[in-house]
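# Kindly return the folded structure for what I paste below:
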Amino acid sequence: MAGLTAAAVAAVGFLAYQASAHAPDSLGKPQVKTSPKATASKKPPVAEKDPAVLPGGSGTGERVVYSVGDDRVWLVGADNKVQRTFKVTPGTVDPLPGTYAVTSRNPARPGSDGVQVEHIVLFTTQHGVVFGFSAAVDGSTAAPDASKKLGGIRESRADGAAMWEFATPQQKVVVVR
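Here you go, the predicted model:
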């Protein structure tokens, strides 16, 4: 039995020697791996919306257009051309989509959040919430206190001044998604 075991060990040793003699030099050595090549995404890149383009369903004629989805306002002339567009900071509640008219204006007073505001242009009240545009006198456009129902839509002071000049009483205001 010992002879058979010795012969088996010798055979395995011989085969191991032969295998190592024919193995490539790189086997067992660390190899530098390269990253796979970058490939183009299968999805086309999402094009950013052109802020000068009015949203669909925003009507015709002279009007203020407010998109609650884009947090953007357009001041549109009678010729349907955008005279000015700007980003705004919405209140905690959005007005329902629809067509409204400027109901009142106030040059300055404290806003519903207690911040002193100017160029206040109001256009509707829904479920006890007053909706309108205004600019904080201190220039801030921080997000409002989410624990309160606020319909004030904040704009920069420059944009507030432009809104004040444009949105006179009874001016059409179109709210879109």
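# Going along the chain from the helix or strand of the chain with the lowest mean pLDDT, find the next helix or strand for me.
Every helix and strand of the chain was ranked by mean pLDDT, DSSP states H and E. The lowest is helix 2-21, at a mean of 49. Sequence-wise, the next helix or strand downstream of helix 2-21 (DSSP states H and E) is strand 63-67.
# Show me what that following strand is packed against.
strand 72-76, strand 172-176 (3 or more Cβ pairs under 8 Å, 6 or more residues apart in numbering; DSSP states H and E). C-beta: built from backbone N, CA, C; applies to glycine.
# what angle do the last one and strand 63-67 make?
Looking back up the chat, that one is strand 172-176. Orientation of strand 172-176 against strand 63-67 (axes from the mean of the first three to the mean of the last three Cα atoms, to 10 degrees) gives an angle of 20 degrees.
# In this protein, where's the longest strand?
When the chain is parsed with DSSP state E, its longest strand is strand 116-126.
# Identify each buried residue in that strand, please.
Judged by neighbour count using 16 or more other Cβ atoms under 10 Å, the buried positions of strand 116-126 are Val117, Glu118, His119, Ile120, Val121, Leu122, Phe123, Thr124.
# Just flag the most distant two among those.
Greatest spatial distance among these (Cβ to Cβ): Glu118 and Thr124, at 20.3 Å.
# measure stretch 137-147 end to end?
Distance across stretch 137-147, first residue to last, is 23 Å (Cα to Cα, to the nearest Å).
# burial of Phe86, as a residue count?
17 (other Cβ atoms under 10 Å).
# Go ahead and report the secondary structure state at it.
On the three-state scheme (DSSP: H, G, I helix; E, B strand; the rest coil), Phe86 is labelled strand.
# Which residues are in contact with the residue most central in space within the chain?
Nearest to the mean C-alpha position of the chain, by Cα atoms, centre = their mean, lies Asp70 at 7.6 Å. By Cβ atoms under 8 Å, 6 or more residues apart in numbering, the contact list for Asp70 reads Lys49, Pro55.
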